[in-house]
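Q: sequence and predicted model, in that order:
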Amino acid sequence: MPDETTICKFRHLLEAHELGKQLFARIGAYLATHGIKVNHGTIVDATIISAPSSTKNRTKERDPEMHQTKKEKQ
């Protein structure tokens, strides 16, 4: 998956040249020929990775952006 900056630059180029709808229509047509129909969607990166159990930052304070979760009851 490309980083956020690359995706934003690509999106801005699509918007500047009004290519978003055309691209979506072409991809939709291609998928339709293969029996797949997409009306809308969202990319969400919710990958769970191994990390230390601490939610504290370098200054030993709780980081408000850090959260813990469990993967398959682990």
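A: Good, I have the coordinates. Numbers count the residues shown, from 1 in each chain.
Q: where does pLDDT dip in the protein?
A: 43, 45-46, 48-57, 63-74 (pLDDT under 70).
Q: show me where it has helices.
A: Along the chain, counting by DSSP state H, helices occupy 4-16, 20-33.
Q: looking at those, which is closest to Val44?
A: Nearest to Val44, of all those, is helix 4-16, at 13.1 Å by CB to CB. In this view, the C-beta of every residue, glycine as well, is placed from N, C-alpha and C.
Q: contacts for the closest one, please.
A: 2, 19-20, 23 (CB atoms under 8 Å, 6 or more residues apart in numbering).
Q: okay if I get those residues as CSV plus distance to Leu31 and neighbour count?
A: As requested, the contacts of helix 4-16 are exported to CSV (distance: CB to CB, whole Å; neighbours: other CB atoms under 10 Å):
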residue, distance to Leu31, neighbour count
Pro2, 21, 9
Leu19, 18, 12
Gly20, 16, 11
Leu23, 12, 10
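Q: columns distance to Leu13 on top of those residues, output as a markdown table?
A: As requested, the contacts of helix 4-16 are exported to a markdown table (distance: CB to CB, whole Å):
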| residue | distance to Leu13 |
| --- | --- |
| Pro2 | 13 |
| Leu19 | 8 |
| Gly20 | 10 |
| Leu23 | 11 |
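Q: out of those, the closest to Glu61 would be?
A: Pro2 (32.3 Å).
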